[in-house]
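# pasted the sequence and its predicted model underneath.
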Amino acid sequence: PNNSDQESADVKSAIESVASSSSIDERFILAIMMQESKGCVRAPTTNYGVTNPGLMQSHDGAGSCNNGAVQNPCPSSEITQMITDGATGTAAGDGLKQCMSESKATDVSEYYKAARIYNSGSVASSGNLQDGIATHCYASDVANRLTGWVKAATACTLG
């Protein structure tokens, strides 16, 4: 089922709270969440060798309202855990905070490099954010979300 009004309010509250405590821009958390799950609190957990649960499809995260059994309603504590797992990382893997640090960027490219690292674990040696493994358009899709262009095509080949 779609998010209830309360669940959507809980997502907003969790993003604001985690952004404040982690010093990560709430717009970046929102953009990654929308890229990963489109904001669905019951996004299914994926597993391609590592489980990626919840709103932010975190690395072996604890938060989920759909680990094979759908929780309805999704408790606010679980929503906060999903955002926390993705933003600040888990015992098993990095969150946005660690990816931003790993990017070593001191300008706005920090967000785009961190997005690529969050998705694939690294930036390709070429430095081109569409190269390497995982979702090639991930960083450009996140950039589009951050600039408000949410219905942009996801083709990202350089011409």
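Sure thing, it's come through. All of these numbers come straight from a predicted model, not from anything done at the bench. Residues are numbered from 1 along each chain as shown.

# which helix or strand lies directly C-terminal to the helix ranked longest in the chain?
Ranked by number of residues, the top helix in the chain under DSSP state H is helix 5-22. For helix 5-22, the succeeding helix or strand toward the C-terminus, using DSSP states H and E, is helix 26-37.

# what mean pLDDT does that next one have?
In this model, helix 26-37 has an average pLDDT of 96.

# could we number from 5 for the rest of this?
All right, first residue 5 from here; so that's helix 30-41.

# okay, the angle between it and helix 9-26?
Helix 30-41 runs at 130 degrees relative to helix 9-26, counting by axes from the mean of the first three to the mean of the last three CA atoms, to 10 degrees.

# within its sheet, name the partner strands of the next helix or strand after helix 30-41 and how each one runs.
Remark: after helix 30-41, the chain's next helix or strand is strand 50-51, criterion DSSP H and E. Strand pairing for strand 50-51, using DSSP bridges, gives strand 55-56 (antiparallel).

# give me the contacts around the following helix or strand past the strand it pairs with.
Tracing the chain past strand 55-56, the next element assigned as helix or strand by DSSP H and E is helix 80-92. Residues outside helix 80-92 that contact it (CB atoms under 8 Å, 6 or more residues apart in numbering) are 11, 14-15, 17-19, 21-23, 26, 28, 33, 36-37, 40, 45, 57-63, 65-69, 75, 99-101. For glycine as for every other residue, the C-beta is placed from the backbone atoms N, C-alpha and C.

# contacts for the very next helix or strand once past helix 80-92, please.
Downstream of helix 80-92, the first helix or strand assigned by DSSP H and E is helix 100-107. Residues outside helix 100-107 that contact it (CB under 8 Å, 6+ apart): 26, 28, 32-33, 36, 90-93, 98, 113-115, 117-119, 121-122, 127.

# go on, stretch 137-156?
Contacts of stretch 137-156 (CB under 8 Å, 6+ apart): 31-32, 34-36, 38-39, 115-117, 119-120, 123-125, 133-134, 158-160.

# drop anything exposed from these.
Among the contacts of stretch 137-156, those classed as buried by 16 or more other CB atoms under 10 Å are 32, 34-36, 38-39, 115-117, 119-120, 123-124, 133-134, 160.
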